[in-house]
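model this:
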Amino acid sequence: MIELELEYKSQVVEWIPSIIVGGLILLGTHSNVFSILAFLMIAYIVLFREPEYALKQMVFVLPLANIFKMGPGSQSFFTYIVLLYVIAFIFRLKKMNATVMLFIIYILMLEIVMDAISIPKTFKFVGGLLMLYYVFSEVDLEISHEAVFKRYILGVITASCIARLNSSYFNIARYLSVQELGTRYGYGEMTRFTGLDTDPNYYAVSIIVSLCLIVLLYHRNEIKAVPAVVQAAFLIFFALLTYSKSVFIMLAFPAVFLAVSNHKKKNYILQIILIIFLIGVALYALAGNIQAVNIILTRISVNTNLNGITTGRIELWVAYLQYFGEHIVKAILGSGLGADYAPNVNRAVHNAYIEAVYHLGIVGLVWLIYALRNSYSKYKYAFKRNILNYSVLICVLIMYLFLNELFYYDAPFHFLLAFMAMNTMNDREDRGVKLSDGGV
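Now for the predicted structure:
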């Protein structure tokens, strides 16, 4: 009993820095002094505390990154926090993975050869890669995963609530780009909700990942039913306000994962309640009683072809593929991290995989995947993974089909959360199994 009380107090104490930093970031939208104080506080944690503790603080701050800056248009302090994390811990490693280091040298040389140098993009990409390498190699995921998952979920909900309230005192709006839906759908001028992000579709990834993490925590008995339902309700509410076609479809995935969890846990009564509830909500929505659903279904129905449904993305993908066909060397080796959009398109491709090939080349993309896999080769548990272990990864990989994510500050953390979900136990009785040598 005493040990449980001490553990609870320790968890409460760990939340205090997160709350203080979050408050300072919010005040920083009113005065830059508070942003600098927030940066100094989390920088101290990153430089002088344990890597696991620092990671927890970073994950909570991540959804606030877009307002964690000196002003609109300036670089987010979060980018520098990731670099500090890398500097603080990467050089403590006894040895460095040769595959990772050679890959970094390759992309730096590629930038020089292709005359496509971008220091901000290079810092973001290399910093995120090295952060992932360090966490994969050194951080005890089994001990840290529950706290990291909960920090991320509550960080997303906190950021969403701040954006929804949009207090004039904090002037949140000046950090965000307004996404108007337009009048062609028959609902007048509608503003799409983006959280504290700049685009509803990028924000949607955080929502879906958070819902998957809630299912995982529920399956592992690490969150009680009431908090899980309340948090999920908030996230679904915010998701619908994006009026995003992709997030509407992707909401089905956490629901399926929850059904799988109930089946594995033999919660058949809860399973029946869930099915009845979902059918009821579906009928209520199809009857036209939920405006957000009406708007999303209208956006889907007015488009008569796949290109329209994907908001013109198919044309962009084809144009980039044509560019690869005309520039075989760049398709194989890459155009460099600092390269502008493809000249024949001059627009973002809205597909993370084509984006990666454009900047890194096929060689670089394969090398990146191999380097990351090689980084966590020690993780081979004596337990059988199921689809719930891969839930976050599945959703991230699908949603990245429609987004540019190579230089986005949250991309490394999406894969970090996916990796933690893959390599932590689903059942408490299996938690004592130790790592064994060998590949995944």
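
Tell me where the chain is predicted with low confidence.
1-11, 94, 167-169, 179, 182-189, 375-383, 426-440 (pLDDT under 70).

the strands in it, which residues?
Listed in chain order, the strands of the chain (DSSP state E) span 179-180, 191-192.

Distance from the last one to the middle of the chain?
Relative to its chain's centre, strand 191-192 lies at 21 Å (Cα atoms, centre = their mean, to the nearest Å).

Parallel or antiparallel, list what pairs with that strand.
Paired neighbours of strand 191-192 in the sheet (DSSP bridges): strand 179-180 (antiparallel).

what are the ranges of the helices in the stretch 151-300 of the chain?
With helices called from DSSP state H, counting those that start in this stretch, the stretch 151-300 of the chain shows them at 200-219, 225-241, 245-250, 252-264, 268-286, 291-301.

which one of those lies closest to L401?
helix 245-250 (9.0 Å; Cβ to Cβ). All C-beta atoms are positioned from the backbone trio N, CA, C, and that covers glycine.

And the closest one, how far out from the chain middle?
Counting by Cα atoms, centre = their mean, helix 245-250 comes out at 16 Å from the chain centroid.

In it, which residues are buried?
K245, S246, V247, F248, M250 (16 or more other Cβ atoms under 10 Å).

what's near enough to touch the last one?
Contact analysis of M250 by Cβ atoms under 8 Å, 6 or more residues apart in numbering lists A204, I208, C395, I398, M399.

which of the helices of the stretch 151-300 of the chain is buried the deepest?
Most buried of those, by mean neighbour count (mean count of other Cβ atoms under 10 Å): helix 200-219, with a mean of 25.

Alpha carbons of stretch 211-223, as PDB, please.
C-alpha atoms of stretch 211-223 as PDB (Å, rounded to 0.1, in the frame of the first residue of the first chain):
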ATOM      1  CA  LEU A 211      -7.400   7.100 -30.000                       C
ATOM      2  CA  CYS A 212      -5.200   4.000 -30.900                       C
ATOM      3  CA  LEU A 213      -3.100   4.700 -27.800                       C
ATOM      4  CA  ILE A 214      -6.300   4.800 -25.600                       C
ATOM      5  CA  VAL A 215      -7.300   1.400 -27.000                       C
ATOM      6  CA  LEU A 216      -3.900   0.000 -26.100                       C
ATOM      7  CA  LEU A 217      -4.000   1.400 -22.600                       C
ATOM      8  CA  TYR A 218      -7.500   0.100 -22.100                       C
ATOM      9  CA  HIS A 219      -6.400  -3.400 -23.400                       C
ATOM     10  CA  ARG A 220      -3.500  -3.400 -21.100                       C
ATOM     11  CA  ASN A 221      -5.600  -2.300 -18.100                       C
ATOM     12  CA  GLU A 222      -3.500   0.800 -17.700                       C
ATOM     13  CA  ILE A 223      -6.500   3.200 -17.900                       C
END
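
got a list of contacts for that stretch?
146, 149-150, 152-153, 225, 228, 231-232, 235-236, 251, 253-254, 257-258, 261, 264-265, 388, 391-392, 395, 417, 421, 425-428.

just to revisit the earlier point, ok, so of the buried residues of helix 245-250, who is nearest V281?
F248 (12.8 Å).

For F407, find the nearest of the helices of the stretch 151-300 of the chain.
Short answer: helix 200-219, nearest of the helices of the stretch 151-300 of the chain by Cβ to Cβ, at 11.9 Å.

neighbouring contacts of stretch 172-180?
The contact list for stretch 172-180 (Cβ under 8 Å, 6+ apart) reads 29, 66-67, 69, 72, 162-163, 166, 189-192, 194, 196-200.

What sits closest to Y358 if chain neighbours are left out?
Leaving aside its chain neighbours, Y358 sits nearest to S335 (5.8 Å; criterion: Cβ to Cβ, 6 or more residues apart in numbering).

what's that neighbour in contact with, if anything?
M114, A116, Y358, H359, G361.

residues contacting the residue nearest to T122 when sequence neighbours are not counted?
Leaving out its chain neighbours, the residue that sits closest to T122 by Cβ to Cβ, 6+ apart is L337, at 5.5 Å. Each residue near L337 by Cβ under 8 Å, 6+ apart is listed here: I107, L110, E111, A116, S118, K121, T122, F125, H359, L360, F407.

The third one reaches V126, doesn't it?
No. With the criterion set as Cβ atoms under 8 Å, E111 and V126 do not qualify as a contacting pair; they are 10.8 Å apart.

okay, these two: which has more neighbours?
E111 (22 against 17; other Cβ atoms under 10 Å).

ok, the residue nearest to D410 when sequence neighbours are not counted - contacts?
Leaving aside its chain neighbours, D410 sits nearest to L62 (5.9 Å; criterion: Cβ to Cβ, 6+ apart). Neighbouring residues of L62 by Cβ under 8 Å, 6+ apart: F78, Y152, G155, Y409, D410, F413.

Nice, that's everything, thank you.
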